[in-house]
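Novice: below is the sequence, then the predicted model.
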Amino acid sequence: MSNPIRPVIAIHGGAGTLNRAAMSAETEVTYHAALRAVLEAGQAALASGATAVEAVTLAVGMLEDCPLFNAGHGAVFTHAETHELDAAVMDGATRQAGAVACVTTLRSPVRAARAVMEHSEHVLFVGEGAEAFGRAQGLEFVDPSYFSTDARREQLHRALATNAAPMLDHDGAAAVAAGNAPLAEDRKFGTVGAVALDAHGHIAAATSTGGMTNKQAGRVGDSPLIGAGTYADDRTAAVSCTGSGEMFIRVAAAYDVCARMAYAGQTLAQAAEHVVMESLMEIDGRGGLIAVDREGNVSLPFNTEGMYRGVAYVGDTPQTAIFR
């Protein structure tokens, strides 16, 4: 007799360099509370029979609304002092996927990505085309200023003042944070994501990001690229990545986890660990990923000093962590 399915959701809010000395107790509580609130919502949805796609969309949508992370409200600025947002969703049951990139006024990029998956014959829309599709789907739009926060703007201005190269996700805000961030903002990858297993035995993944501080307009990282930053297949795993996007693209990180399981017979833990600790590090790729398989096994490896992360099985107390 097979074991009953235990629905589970896992989330990440970015990986980066540990700065425990700069963390106040109040700030640590704030981050853990934000992660826990998202996990509890996803956990409750799964307990009520929600699909994995519904659960990851809900979780990532909540992370987009939280200014602590680099997605949606609180997204980083481009070199032109604008916001360009990316997101993707993939359903492991059907291997259908949807994504948007370089959107500027869609309030929730992850919901737009899901709309692409469910209401389009295409997978990826970018820029004005993505916005037009979202408008046709009746999605919510906002003024670009909705995504802005003072901390992100100051982060960009400091980068411009020092002629700094484009900085991945939250990179560049350490001086701005002045000791108030649990991870050093100079070395933090703030992409958000979620993976889930539902009561029907299906898995899904979703990822969303504001990209790189001071990035050139039009740059797209791994998050909306199916197989690079996001992938899901019921036969293997659902994966959402966070880190140096160009490197994750070059090793097809999310898909490689699934391929190692399918073709090399590796377990989820073995495959995820190999991609993060070997394949990525061979080309100086930094970051991590979260993954779940249809048996409910969860893996959350990272090669940086910390990663915002959490796991919640239905019926259990949600677990959150920041440092190793």
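Specialist: Nice, thanks for sending it over. Numbers count the residues shown, from 1 in each chain.

Novice: show me the helices in this structure, by range?
Specialist: Under the criterion DSSP state H, helices of the chain are mapped to 25-47, 52-65, 109-119, 127-136, 150-161, 174-177, 245-250, 253-264, 268-274.

Novice: could you tell me the least trusted of those helices?
Specialist: Among those, helix 174-177 has the lowest mean pLDDT, at a mean of 41.

Novice: can you give me how far stretch 194-209 is from the chain middle?
Specialist: Centre-to-centre, stretch 194-209 and its host chain are 12 Å apart (CA atoms, centre = their mean, to the nearest Å).

Novice: buried residues in that stretch?
Specialist: Residues of stretch 194-209 classed as buried: 194-199, 201-209 (neighbour count, 16 or more other CB atoms under 10 Å). For every residue, glycine as well, the C-beta is placed using N, CA and C.

Novice: over to stretch 24-37?
Specialist: Within stretch 24-37, the residues that qualify as buried are T27, Y31, H32, A34, L35, R36, counting by 16+ other CB under 10 Å.

Novice: how many residues are close by Y263?
Specialist: 9 (other CB atoms under 10 Å).

Novice: for L139, same thing?
Specialist: Residues near L139, counting by other CB under 10 Å: 17.

Novice: was I right to think it contacts R114?
Specialist: No. With contact defined as CB atoms under 8 Å, L139 does not count as touching R114 (9.9 Å).

Novice: just give the closest residue to Q43, not the sequence neighbours.
Specialist: Distances taken as CB to CB, 6 or more residues apart in numbering place A312 nearest to Q43, at 4.2 Å, with adjacent residues excluded.

Novice: list the contacts for that neighbour?
Specialist: V8, I9, A10, L39, E40, G42, Q43, P318, Q319 (CB atoms under 8 Å, 6 or more residues apart in numbering).

Novice: ok, and the most crowded of these?
Specialist: I9 leads the contacts of A312 on contacts (other CB under 10 Å) with 34 neighbours.

Novice: who's that one bridged to?
Specialist: A196, A312 (DSSP bridges).

Novice: circling back: can I get the buried residues of stretch 24-37 in TSV including distance to S120?
Specialist: Conversion of the buried residues of stretch 24-37 to TSV gives the following (distance: CB to CB, whole Å):
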residue	distance to S120
T27	41
Y31	35
H32	37
A34	32
L35	32
R36	34
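
Novice: of those, closest to P144?
Specialist: Closest approach between those and P144, by CB to CB: A34, at 23.6 Å.

Novice: hmm, Y308 and I290 touching each other?
Specialist: No. Between I290 and Y308 there is no contact under CB under 8 Å: 10.4 Å.

Novice: now the common contact residues for these two.
Specialist: H12.

Novice: do you know how far A45 is from S108?
Specialist: According to CB to CB, to the nearest Å, A45 stands 16 Å off from S108.

Novice: ok, now which ones touch E81?
Specialist: Contact analysis of E81 by CB under 8 Å, 6+ apart lists R153, L156.

Novice: phi, psi of it?
Specialist: In terms of degrees, to the nearest 10, the main-chain angles of E81 are phi 60, psi 40.

Novice: against A130, how distant is it?
Specialist: 21 Å.

Novice: and L160, by the same measure?
Specialist: In this view, L160 and A130 are 27 Å apart by CB to CB.

Novice: more neighbours: those two, which one.
Specialist: Relative neighbour count places A130 above the other of L160 and A130, with 27 against 15, counting by other CB under 10 Å.

Novice: for the contacts of A312, could you give me CSV that also reports distance to E273?
Specialist: Below are the contacts of A312 laid out as CSV (distance: CB to CB, whole Å):
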residue, distance to E273
V8, 19
I9, 21
A10, 15
L39, 23
E40, 28
G42, 24
Q43, 26
P318, 23
Q319, 19
